[in-house]
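A.B. asks: below are the sequence and a predicted model for it; my questions follow.
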Amino acid sequence: MRVGVIGVGHVGLVTGAALAELGHEVVAMDLDVAKIELLRSGKTPFYEPELDELIARQTATGRLLFRSEPAEAVGDAEVLFICVGRPTTAAGDASLTAVEAVGRDVAKHATPGLVIAEKSTVPPGTADRLRLTIARERPGLAFSVVANPEFLREGHAVQDTLRPDRIVVGSDDPGGFEAMRKLYGPLVGLGIPLIETDARTAELSKLASNAFLATKISFANALGRVAELTGADVVRITEVMGADMRIGPAFLRAGLGFGGYCLPKDTQTLERIAERAGYDFGLLRAVMLVNEDAVAAVAAKVEEAVWNLEGKRIALLGLAFKSGTDDVRSSPALILARRFADEGAVVVGHDPMAAAEARAAIPELEVADDPYEAITGAHCVVICTEWPEYRELDLDRVCELAAYPIVVDGRNVLDPDRAEIAGLTYLPVGRPARRGEDVVG
Ligand code: UDX
């Protein structure tokens, strides 16, 4: 099928490349000319495993084109994906200005019969609004609107798109369903379920999924606090919980909490939507508070361990909001960096992917090329991101290089026994601390 994609951020770029891989003819468009030029020169604007190869393969087949004029993506398309950003307003509501602007472009350039698919995460009722905007701008145009939310994770985006757990299509129009069944035929043929709902249900299901994942994480973090206070181990507790098929082991890792572009934003958006509709979703407010508290609790451990922060050197291992990405948006590591720098500490960070992005966000942050360089002379080492290489750190070397042998493990990646044998004061989250020889605080 002929597919247009508006917006080549994480979702749009991966969606476009994946649909080309499934055999469709894709024109991906963005108003950001510099970004389109970059893509046309064979470069990807952000790091995502497997994506460079996928784009190179599909541009070589001629099935994936990059353009900067809306008419070029909309004009010929049978299905048009809206993948524009959906920021949050100062009041915490979803801002849908970009989505409305796409609606007007569609009205200007669409061929009759076009199916418009919302990929951006939007509040319920957006498909109806979009339909009304297009109808007002171009009365008489035949078109359908479907909600087709995207569930990809950064760092796994290509596989999540080519092998999703489920595909959701929400519409109030049979023509929309038919086109989407045809588009996703190759995936449905592999046994991937395609769930059809009304548009509002599909829109809300994406926000609900992300808010529920956030709730699982905050539950684990709140439990971690109780475990610390009662001498239990949250890692083992969540292992026990996760072995129950009804609960499942995913998203129960206690630590510094959830960051990134989606979980914090979508949890807040769902809470606001509920409030505006007349329901007090206090559970989600608690989820957000527990998440803030998770970072504050790790900061308190550092402060307790090193005493005054002024003039102390703090090494942050991991700056991205999670491993496998160079994204630092709402990264707990950067919240810590800001806080420690404001208290007069020298903050040195390491990240295999996100060092430049972190430095741009926090100019006082020093960045090191390898973790041992960051650790050298540090009064406290804080593990902020679960990059696999931190799991394998040479802990004897950490002890030798650090000014004080203290590790606060904000992601519970180290083996406590190994840390103890190396002589570290080891302070994980939600599990018993191990005190080395050099107890400070
Ligand atoms: C999320 C959703 O998973 C995805 O379906 C949606 O499309 C976009 O938002 P992403 O933002 O890429 O994906 O990150 P995710 O892997 O969900 O992790 C989010 C955050 O939660 C990270 O900061 C991670 O470190 C944290 N996390 C995750 C935990 O603290 N504990 C866990 O058990 C799992």
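C.D. replies: Received the coordinates, thanks.

A.B. asks: can the lengthiest helix in the chain be found next to the ligand?
C.D. replies: If you go by DSSP state H, the chain has its longest helix at helix 199-230. Yes. Using C-beta under 6 Å from any ligand atom, we find that helix 199-230 touches the ligand at Asn210, Leu213, Ile217. Heads up, the C-betas are built off the backbone N, CA and C, glycines and all.

A.B. asks: could I get those residues as TSV with pLDDT and neighbour count?
C.D. replies: Output for the residues of helix 199-230 next to the ligand, formatted as TSV (pLDDT from 0 to 100; neighbours: other C-beta atoms under 10 Å):
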residue	pLDDT	neighbour count
Asn210	97	22
Leu213	98	19
Ile217	98	22
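
A.B. asks: got the domain boundaries for the protein?
C.D. replies: Here the domain parsing of the chain from automatic domain parsing is 2-197, 198-441.

A.B. asks: show me what the worst-scoring helix or strand of the chain on mean pLDDT packs onto, helices and strands only.
C.D. replies: Across the helices and strands of the chain, the lowest-confidence element by mean pLDDT, DSSP states H and E is helix 97-109, at a mean of 92. On a contact count with 3 or more C-beta pairs under 8 Å, 6 or more residues apart in numbering; DSSP states H and E, helix 97-109 meets helix 70-74, strand 79-82, strand 114-118, helix 126-137.

A.B. asks: wouldn't Glu386 be in contact with Asp409 here?
C.D. replies: No. Between Glu386 and Asp409 no contact is recorded; they are 10.0 Å apart, counting by C-beta atoms under 8 Å.

A.B. asks: these two: which has the busier surroundings?
C.D. replies: Between Glu386 and Asp409, counted using other C-beta atoms under 10 Å, the more crowded position is Asp409 (27 against 20).

A.B. asks: partner residues bridging that one?
C.D. replies: Beta-bridge pairing of Asp409 under DSSP bridges involves Ile383.

A.B. asks: touching, it and Pro428? I think so.
C.D. replies: Yes. The criterion here is C-beta under 8 Å, and Asp409 meets it with Pro428 at 4.4 Å.

A.B. asks: buried stuff in the least confident helix or strand of the chain?
C.D. replies: Neighbour-count burial for helix 97-109, counted by 16 or more other C-beta atoms under 10 Å, picks out Ala98, Val99, Val102, Gly103, Asp105, Val106, Ala107, His109.

A.B. asks: so which of the residues you listed reach the ligand?
C.D. replies: Okay, of the buried residues of helix 97-109, nothing touches the ligand (C-beta under 6 Å from any ligand atom).

A.B. asks: can I get these in a markdown table with distance to Leu424?
C.D. replies: Output for these, formatted as a markdown table (distance: C-beta to C-beta, whole Å):
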| residue | distance to Leu424 |
| --- | --- |
| Ala98 | 48 |
| Val99 | 50 |
| Val102 | 53 |
| Gly103 | 57 |
| Asp105 | 57 |
| Val106 | 59 |
| Ala107 | 63 |
| His109 | 62 |
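
A.B. asks: ok, now how distant is Val122 from Thr97?
C.D. replies: Distance of Val122 to Thr97, given as C-beta to C-beta, to the nearest Å: 12 Å.

A.B. asks: oops, could you answer that again for Arg86 instead?
C.D. replies: 9 Å.

A.B. asks: likewise Asp244?
C.D. replies: 44 Å.

A.B. asks: how about stretch 81-96 and the ligand, touching?
C.D. replies: No. Using C-beta under 6 Å from any ligand atom, we find that stretch 81-96 stays clear of the ligand, coming within 12.1 Å at best.

A.B. asks: got the CA positions of that stretch in PDB?
C.D. replies: Extracted as PDB, the C-alpha positions of stretch 81-96 are listed here (Å, rounded to 0.1, in the frame of the first residue of the first chain):
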ATOM      1  CA  PHE A  81       0.200   8.100   9.900                       C
ATOM      2  CA  ILE A  82       0.200  11.000  12.300                       C
ATOM      3  CA  CYS A  83       3.400  10.700  14.400                       C
ATOM      4  CA  VAL A  84       3.900  14.300  15.500                       C
ATOM      5  CA  GLY A  85       5.000  15.200  19.000                       C
ATOM      6  CA  ARG A  86       2.400  15.700  21.700                       C
ATOM      7  CA  PRO A  87       4.000  17.800  24.300                       C
ATOM      8  CA  THR A  88       2.400  18.700  27.600                       C
ATOM      9  CA  THR A  89       1.100  22.300  28.300                       C
ATOM     10  CA  ALA A  90       2.300  24.300  31.300                       C
ATOM     11  CA  ALA A  91      -1.000  23.200  33.000                       C
ATOM     12  CA  GLY A  92      -0.100  19.500  32.500                       C
ATOM     13  CA  ASP A  93      -2.700  18.800  29.700                       C
ATOM     14  CA  ALA A  94      -1.900  17.300  26.300                       C
ATOM     15  CA  SER A  95      -1.100  19.800  23.600                       C
ATOM     16  CA  LEU A  96      -2.700  18.800  20.300                       C
END
